[in-house]
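> Dropping the sequence and predicted coords here.
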There are 6 protein chains.
Amino acid sequence: MNTDYSMLNKVVNELCDVNTYGFLYHDSKHDIPMPSTDDLAEIMETLKKILFPGYFGNSERHRETVKYYIGAYLDIVNNLLAEQVKRGFCFSCTDKYPDCSDCEQAAKETTMQFISRLPKIKNLLATDVVAAFNGDPAAKNYGETIFCYPSITAVTHYRIAHELLVLGVPLIPRIITEMSHSKTGIDIHPGAEIGEYFFIDHGTGVVIGETCIIGKNVRIYQGVTLGAKSFPLDENGKPIKGIPRHPVVEDDVIIYSNATALGRITIGRGSVVGGNMWITQDVPADTKVLQKKAPDHSSSEVFFL
Amino acid sequence: MNTDYSMLNKVVNELCDVNTYGFLYHDSKHDIPMPSTDDLAEIMETLKKILFPGYFGNSERHRETVKYYIGAYLDIVNNLLAEQVKRGFCFSCTDKYPDCSDCEQAAKETTMQFISRLPKIKNLLATDVVAAFNGDPAAKNYGETIFCYPSITAVTHYRIAHELLVLGVPLIPRIITEMSHSKTGIDIHPGAEIGEYFFIDHGTGVVIGETCIIGKNVRIYQGVTLGAKSFPLDENGKPIKGIPRHPVVEDDVIIYSNATALGRITIGRGSVVGGNMWITQDVPADTKVLQKKAPDHSSSEVFFL
Amino acid sequence: MNTDYSMLNKVVNELCDVNTYGFLYHDSKHDIPMPSTDDLAEIMETLKKILFPGYFGNSERHRETVKYYIGAYLDIVNNLLAEQVKRGFCFSCTDKYPDCSDCEQAAKETTMQFISRLPKIKNLLATDVVAAFNGDPAAKNYGETIFCYPSITAVTHYRIAHELLVLGVPLIPRIITEMSHSKTGIDIHPGAEIGEYFFIDHGTGVVIGETCIIGKNVRIYQGVTLGAKSFPLDENGKPIKGIPRHPVVEDDVIIYSNATALGRITIGRGSVVGGNMWITQDVPADTKVLQKKAPDHSSSEVFFL
Amino acid sequence: MNTDYSMLNKVVNELCDVNTYGFLYHDSKHDIPMPSTDDLAEIMETLKKILFPGYFGNSERHRETVKYYIGAYLDIVNNLLAEQVKRGFCFSCTDKYPDCSDCEQAAKETTMQFISRLPKIKNLLATDVVAAFNGDPAAKNYGETIFCYPSITAVTHYRIAHELLVLGVPLIPRIITEMSHSKTGIDIHPGAEIGEYFFIDHGTGVVIGETCIIGKNVRIYQGVTLGAKSFPLDENGKPIKGIPRHPVVEDDVIIYSNATALGRITIGRGSVVGGNMWITQDVPADTKVLQKKAPDHSSSEVFFL
Amino acid sequence: MNTDYSMLNKVVNELCDVNTYGFLYHDSKHDIPMPSTDDLAEIMETLKKILFPGYFGNSERHRETVKYYIGAYLDIVNNLLAEQVKRGFCFSCTDKYPDCSDCEQAAKETTMQFISRLPKIKNLLATDVVAAFNGDPAAKNYGETIFCYPSITAVTHYRIAHELLVLGVPLIPRIITEMSHSKTGIDIHPGAEIGEYFFIDHGTGVVIGETCIIGKNVRIYQGVTLGAKSFPLDENGKPIKGIPRHPVVEDDVIIYSNATALGRITIGRGSVVGGNMWITQDVPADTKVLQKKAPDHSSSEVFFL
Amino acid sequence: MNTDYSMLNKVVNELCDVNTYGFLYHDSKHDIPMPSTDDLAEIMETLKKILFPGYFGNSERHRETVKYYIGAYLDIVNNLLAEQVKRGFCFSCTDKYPDCSDCEQAAKETTMQFISRLPKIKNLLATDVVAAFNGDPAAKNYGETIFCYPSITAVTHYRIAHELLVLGVPLIPRIITEMSHSKTGIDIHPGAEIGEYFFIDHGTGVVIGETCIIGKNVRIYQGVTLGAKSFPLDENGKPIKGIPRHPVVEDDVIIYSNATALGRITIGRGSVVGGNMWITQDVPADTKVLQKKAPDHSSSEVFFL
């Protein structure tokens, strides 16, 4: 049996009918392509070599030469990232503005500002590594957490993405956090604000929403959701964007696995939220919230098989 | 110390002992290899370029030339997919049939039927993009959801896999949905039936079982399970395959994070299932099912630290 | 606008300041690089070709020649793995010992011992395949579970990593299980002990802790946590490492989706733990633990929308 | 023994001393990188798929769909080549001009003109294929010469490079002919003018100089040089560039292996130059130039061993 | 300036005009693609690992395991080569036959015959290695000639290609020798017959024609041509294919650099042909043919500068 | 038809018969693999980026950051090359010595000495670039010769290989010059000594033998051989290795295309050797050696067709 080319040509015509394109076709106004996920992956790999020298990359293991590598990597990131930031700006332009002549210039400036903040990011990540080691009895040393803990991967992506979002870069921050979401199962929106010494153990299923504010020294476990309870719609029935709608988690809080906190509530300093808990109201400081007699099966339906 | 080659040879012999092969060795009857996950990945990448032109791929950003790309991509998919479908047929043959002389022919026909349904799949996905944008206050525009939302990735894989499963293709649909399961943490069985305007926010941990039926305009959140309660065994103690055993979710339902619905129950049109809920009985239409006083910690064991 | 090179050079100097390196810089004492995740990925791919011949790889589909492939693959694994094991030993050395002159020798011996245990691992995995087929009504045949079930991926990684950990290899086992954690969302610590016929359905979000002991013929579902309730701190406020703190799960137990069992409790032989259950005390043998009246919404707050 | 890092740092400083950079350092004025040989290789591969559809590439083997491929390939070449042409313009700018603001625009226009000439180039190459088949008794069919004859490779590169050079593109044409020089051993300067039905058998060692003019239906063999006899120097002792200094070869000439013709001489229509001949004066039309009694060893020193 | 898409579309139409396709379009009758040069390169790399174990490949360096590698490599070559041989048969079919239903079967049989001749080819190549070591004072050991001498590369390709040609395989042998022609500058037609202990020093520019017959223990140098003097045309002015037209070189002959021998002449056993010589008549056995007084410049035009 | 596995197994056994291995099997004594041509290619690419910054590589185009790249590249070369040099030492060991325990140490020291000579090599190459620009009227600027002239490629490889050979490294130098031989058709033995300002135009077919000594400011053309006339055999009929047997070419000499000079003769300072000349005796200084009346066809057999 031969291929039915008349059918194939018909399908091509249907798929290319301008009327059906709609928003499924990205119609670039300024001939700038979409961001490159491959280049963004390379940028993230290179940033890890800069931030954790000796752990990533192959050859940066001597103090006498490590400065060459870091210098070269920074220059590479500067070039590659400026291009991706430009694409991010242009992607947004196509929705609203008639032209984006300044995108390239803005991208270069923004990227340089980002570069200048890398030492600050590195210092924050150092606290996250300490938190991971102190927070997991199974951790043997700092290096193990840097090299293979999902928490460090997710938080590194988040801290970089967050800085770019603060600098006004569209789209790129979300792509960066989705990379680590895919790899670790931890979904941190780049808009969230997270303090130092942050640790997520195991991590799969964690969701931290766009307007969350998390203090210092917070530890959470797999499956924890810091989400929105609901969101208001505008007069057209569309969700109103950007309203604070996720929890505030103060310093020194621990939230155990699969717990859920929803809405603009505050979980007070030093509190502990037990596993599987469902929280939609404020929790005062220094409070322990656990299931009422819950975790034992005497409160369950138990019978012999 | 030198390698102990007598040990190594001994291990080879043990591993190659025909008696120990059992079902761990795939003994192809017709010299057809297993499906290629690399080629299936390329097929999926190419289908994304066809379905969302301008978003994926590098050069398809002008209306004047996009038809060339779509035509070439369709032809490539036609060739690559026919080969994989053939391998799927042959994989099943090896279990039951004495020969599979018609596999190649059947694969070509099936692939062409699949191609002819792509415009329909594209239209469905357009509704899913609208649902993603309307369902997430953090979404800035349609394009962002197409380019980086796990929901669109998972649903695209599902809709393609489902169509192949409906056409009778074995194994391949499951491989395709496992690809997106691995990438997004969303596990949709290709056998499920899902209506238009479907959106899964965050998504990690979602499970949608083989015999689920989901209506239009349904929105679910991370960690939601639409599963089987239990499954009957045959006289040999083996599970009986193919029995309807997963929920029916009617139009306009919302199911919040980590809720679980089990068994062939119906969640009626317009209902809302709260987070963490555990549902094993029918839910009438227009019902809101939430934890009794649950989400507040007054019903929990609370004490000061 | 030109790049501000004085800023860039300043950032390089800040990032390279020896005082700021701290533990973020891996300072290899013996000029041995970190383990290569690329090579470990190749090792795992090759082991899959050895353990499931005909399923993975392209050409190993004839009984008459399969021994050549398995012999060559074993030799390749022997060479590649010895190098990675050496790196694992050296990584740990840098924390404590003045020199690691025996690392290479120890790595070769350890690797050979690992190789000699592959037939045993293969036999265990055969039981896991049977368990997957019997445990999932959607499974069409053994081959489908081998080729695309996350459970088989995760358990294969675990069984290999566990054997290396038992042989005293540092770091490498954790890297290997994190690979499958990333791919499947299933996080099994290589220190756990798991008996034959083990199956995890769907799997995303499963966590099995370092000191778990799981018997034969156990089946668990997505989102199940077998975790620690809390962990004691030493006089410096640091967690004490290595204390048994995770559940013991006896033979023939089933634990349904999103259930949590915490602490060194025992879930007795033949018991069933229902979905979403929260267990922190022993469960006697042959017990069924379900939510009290739970899964029906009459015990929930229900109202009409 | 440890690496001597003070020596290594000293070498870095020596190699980076601005005074020693000289012309060995390419100091781009406008931040435009050198042309990419990888991208130029991809451009040439794509042009071969356009010019000889069905021979190169994997899938273009049906008349019904070949137009899609050619359309997409043309668009890809248009994009990729415009970038490389721009780099070629900028490379020249850095030597002479204060700025190259029009390089991008000029590159786009030039590339479009090149695209418009592809049908003409295709027609010329069709004559070269005929010449190859007719000129080599070992050729079995046209397809064999297209798919594996060095002559077709070298002439395809030349005809494309020549067209770019005629359009005023610097550097790129030379890179393109050096690619085929490396692959085939045939060195045709892109400035040469070569008529239709041109064939070079075997080809290794052939040199065709910058100002050669070659008519129609010419056939040459391996090792033939069409070179310059000498070149005049200017008052500074530097060679004067661009003076006609290579042979004119008229229609229907054959030049056998390893013959050399030097200087602005004319080899007249229909002449034959024998192997190893050394020609520095005009050859009239319809002349056969062979070694006097040469090729027989009676004119050589012959003796029995 | 924007791309002129109407021009681009016009060029596409011109290039796709069925009338202009002609022989420049490969119109496969049976939907079999052209041979894959990538796969043929892999086949050649694999054959080198089989023929020279331990030299090529990474891990085959222990006598105890080398058989596994050779077994696996042979099986891989058997599979890959059968596919390429089939494509070679089909390529020829498209010129003459109405169908090629037996191509696949013929390809498998032919490939197996080729496999069975590999030990013979290996024995021949062993003699070529000896000849290279004995023929070059710069060679330090056998291994150096195997690992980096162009002669061994070219002769290995030739001996494999020749065996395929003898087995009746079209096109593929020529592709294989063109690979080494490109890499080494040595152009040996696969139809030539060459005896054992053959060595080509340096090699660039060597041409050995289709009907050459070369005896044992022959050594030639760079630039040597063993070519055709001329070739008869048929009544249509086309060259008559397949007539013996290249030299016979008997045992123990040495031909120095850039010498040329043309036509069906015989260079007798034990003779030596000097550099640059031009030979078109038989050379008796044990003869030394040198330039008459030639190589000294007293016979040249010499003058003081 | 099925594969004949008994034949295939028989061939494996024949190819693996220890008696037939002979020197075709590389039997590494110390478990050190053969040098990696891929790594050597990467070393050469990296050295080009060090020696010609801004021309090769993508990002090294700013004076402010180029030192980072050069530092990192040097460190990479230092690591990669030490490994390859070790393999070179071990390869030679296997022929003669009982153990090579010092190979690693010797390789590190040798590599560092090589690194320390890179500035000298760079200075030499600067003179070669000047010679290329001055020697070719078609050259537009220095950069063009650096970026695409075969002469610069071949001489760069030669100068690096020569330095390694002078430092006593076996095998590796020859591999490095064969790389450029393959790419350019220029075969320079790494043992030759070549002064500054060296240029080879076109280059295909040039051979420069092991014991050549070439002065400053020498220019040669394609096809020139500087070879051995013959070589003495020892009492066993084997060539005696290492005897000076190639020409000495003094300063300021030009040798035109396809000329041949053989034996330990001297071509005196300032002389010119014409194309196709055959030289086996000394040429005094300031002499022009051309064919006697040669290049005109009046001395040839000329007749009208």
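Okay, I see it. What you see is a predicted model; the values in this text were computed from it and never measured. Numbering: from 1, shown residues only, chains lettered A, B, ... in the order given.

> so what pLDDT did A:Leu290 get?
Looking at A:Leu290, its pLDDT reads 83.

> Over to A:Val66?
Note for A:Val66: predicted pLDDT of 88.

> measure it to chain C for me?
Going from A:Val66 to chain C by Cβ to the nearest Cβ, to the nearest Å gives 6 Å. All C-beta atoms are positioned from the backbone trio N, CA, C, and that covers glycine.

> That residue contacts C:Tyr25, correct?
Yes: assessed by Cβ atoms under 8 Å, A:Val66 is found in contact with C:Tyr25 at 7.3 Å.

> Kindly provide the distance from the residue of the stretch 51-200 of chain A found nearest chain D to C:Asp27.
With Cβ to the nearest Cβ, the shortest gap between the stretch 51-200 of chain A and chain D falls at A:Glu64, namely 3.6 Å. Taking Cβ to Cβ, to the nearest Å as the measure, A:Glu64 and C:Asp27 are separated by 12 Å.

> The residue of the stretch 51-200 of chain A closest to chain D against D:Leu8, yeah?
Yes: taking contacts as Cβ under 8 Å, A:Glu64 lies within contact range of D:Leu8: 7.5 Å.

> Of those two, give the one with the bigger neighbour count.
Higher neighbour count among A:Glu64 and D:Leu8: D:Leu8, with 21 against 15, using other Cβ atoms under 10 Å in any protein chain shown.

> secondary structure element for that one?
For D:Leu8, the host element (DSSP states H and E) is helix D:5-16.

> Buried residues, that helix. List them.
Across helix D:5-16, burial judged by 16 or more other Cβ atoms under 10 Å in any protein chain shown covers D:Leu8, D:Asn9, D:Val11, D:Val12, D:Glu14, D:Leu15, D:Cys16.

> if I look at the second one, how far off is D:Gln222?
When you say that, I think you mean D:Asn9. In this structure, D:Asn9 lies at 51 Å from D:Gln222, with Cβ to Cβ as the measure.

> how about the most centrally placed residue in chain A, phi and psi?
With the centre of chain A defined as its mean C-alpha position, the nearest residue by Cα atoms, centre = their mean is A:Thr177, 3.1 Å away. A:Thr177 adopts backbone torsions of phi -70, psi -30, taken as degrees, to the nearest 10.

> try A:Val207
Reported as degrees, to the nearest 10, the phi and psi values for A:Val207 are phi -130, psi 120.

> and what of the one 10 residues further on?
The phi and psi values for A:Asn217, taken as degrees, to the nearest 10, are phi 60, psi 40.

> Quick one: residues contacting A:Glu45.
Listed by Cβ atoms under 8 Å, 6 or more residues apart in numbering or on different chains, the contact set of A:Glu45 reads A:Phe56.

> That one is in what secondary structure piece?
Using DSSP H and E, A:Glu45 maps to helix A:37-51.

> just the strands in the stretch 101-250 of chain A please.
Ranges of strands within the stretch 101-250 of chain A are A:187-188, A:193-194, A:199-201, A:207-208, A:213-214, A:219-221, A:225-227, A:248-249, based on DSSP state E, counting those that start in this stretch.

> I'd like to know which of those is closest to chain F.
With Cβ to the nearest Cβ as the criterion, chain F lies closest to strand A:187-188 of the strands of the stretch 101-250 of chain A, at 30.8 Å.

> So is the closest one next to chain C?
No: applying Cβ under 8 Å from any Cβ of the partner chain, one finds strand A:187-188 separated from chain C by no less than 12.2 Å.

> Then stretch A:137-149?
Yes: using Cβ under 8 Å from any Cβ, stretch A:137-149 comes into contact with chain C via A:Pro137, A:Ala138, A:Ala139, A:Lys140, A:Asn141, A:Tyr142, A:Gly143, A:Glu144, A:Ile146, A:Phe147, A:Cys148, A:Tyr149.

> State the number of residues packed around A:Leu81.
Neighbours of A:Leu81 under the rule other Cβ under 10 Å: 26.

> Which residues are in contact with it?
Counting by Cβ under 8 Å, 6+ apart, A:Leu81 touches A:Ile43, A:Thr111, A:Phe114.

> now that we have these, which one has the most neighbours?
Of all the contacts of A:Leu81, the highest neighbour tally under other Cβ under 10 Å goes to A:Thr111, namely 24 neighbours.

> Contact partners for the residue nearest to that residue when sequence neighbours are not counted?
The shortest distance from A:Thr111 to any residue that is not its chain neighbour, by Cβ to Cβ, 6 or more residues apart in numbering or on different chains, is 4.2 Å, and that residue is A:Ala82. By Cβ under 8 Å, 6+ apart, the residues touching A:Ala82 are A:Ala107, A:Lys108, A:Thr111.
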